[in-house]
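Trainee: Just to be clear, the model below is a prediction. Sequence and coordinates:
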Amino acid sequence: MTNPNETNETSQAAAVAAQAAPVAPAKAKASKATNPTKKAATAAVPAKTKKTAKNAKAKPAASKRAVTKPAAKAAPAPTPRDGSKKQIVLDMMRTRTGATMAAIMKATGWQTHSVRGFVSGMVTKKMGLVVESTRSESGDRTYKITGK
């Protein structure tokens, strides 16, 4: 007579052995067609060739000489139009006491980061002016053009 425990063990072992290793499904075919203009553009590009000794010697000797260019003239500092916000701020900053951040904001309608960006980017970098920035005891920032 067969033991019922033995048949259970063998059937369980057979069930485990029947399972296959997990395999990823096959990749589906692309449904979107290629654009003919893109295909034509890439086909028109010539293949790159490797430089050989013959190609290197084919260059004219004149291209090996250093070409000197005349020195570029420095661009003049941009001058603001009369009555523009730029002109108003520069006039305020050229006074003996300078201009506070609050006064510039009130005159132009700008926010604090816009005033800081104008002073840093336009006045100091593009125009090349020297700006003195001070903070009072009350915490107000004052900008004053001191040079050039």
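Mentor: Happy to help now that I have it.

Trainee: got any ranges where this protein has weak pLDDT?
Mentor: 1-20, 33-78, 148 (pLDDT under 70).

Trainee: need the strands for it, in chain order.
Mentor: Using DSSP state E, the strands found in the chain span residues 99-100, 130-135, 141-147.

Trainee: Flag every buried residue along the second one.
Mentor: Right, the one you point to is strand 130-135. By neighbour count on 16 or more other Cβ atoms under 10 Å, the buried set for strand 130-135 is Val131. The way it works is simple: take the backbone N, C-alpha and C, and place the C-beta from them, glycine included.

Trainee: all numbers from here: first residue = 45
Mentor: Sure thing, new numbering starts at 45, so read that last one as strand 174-179.

Trainee: Would you convert the strands of the chain into a markdown table that also reports distance to Pro69?
Mentor: Listed next are those as a markdown table, based on distance: least, Cβ to Cβ, whole Å:
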| stretch | distance to Pro69 |
| --- | --- |
| strand 143-144 | 70 |
| strand 174-179 | 66 |
| strand 185-191 | 65 |
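
Trainee: With adjacent residues omitted, what lies nearest to Ala151?
Mentor: Counting by Cβ to Cβ, 6 or more residues apart in numbering, Ile132 is the residue found nearest to Ala151 once chain neighbours are left out, at 5.5 Å.

Trainee: burial measure for that neighbour, as a count.
Mentor: If you count neighbours by other Cβ atoms under 10 Å, Ile132 ends up with 16.

Trainee: Okay, it and Ala65: tell me how far apart.
Mentor: Distance, Ile132 to Ala65, by Cβ to Cβ, to the nearest Å: 77 Å.

Trainee: and what of Lys71?
Mentor: Applying Cβ to Cβ, the value for Lys71 to Ala65 is 19 Å.

Trainee: Check Ile189 too.
Mentor: Per Cβ to Cβ, Ile189 is found 77 Å from Ala65.

Trainee: who's more crowded, the two?
Mentor: Per other Cβ under 10 Å, whichever of Ile189 and Ala65 has more neighbours is Ile189, with 21 against 4.

Trainee: Would you check that the more buried one makes contact with Thr168?
Mentor: No - counting by Cβ atoms under 8 Å, Ile189 does not reach Thr168; the two are 9.6 Å apart.
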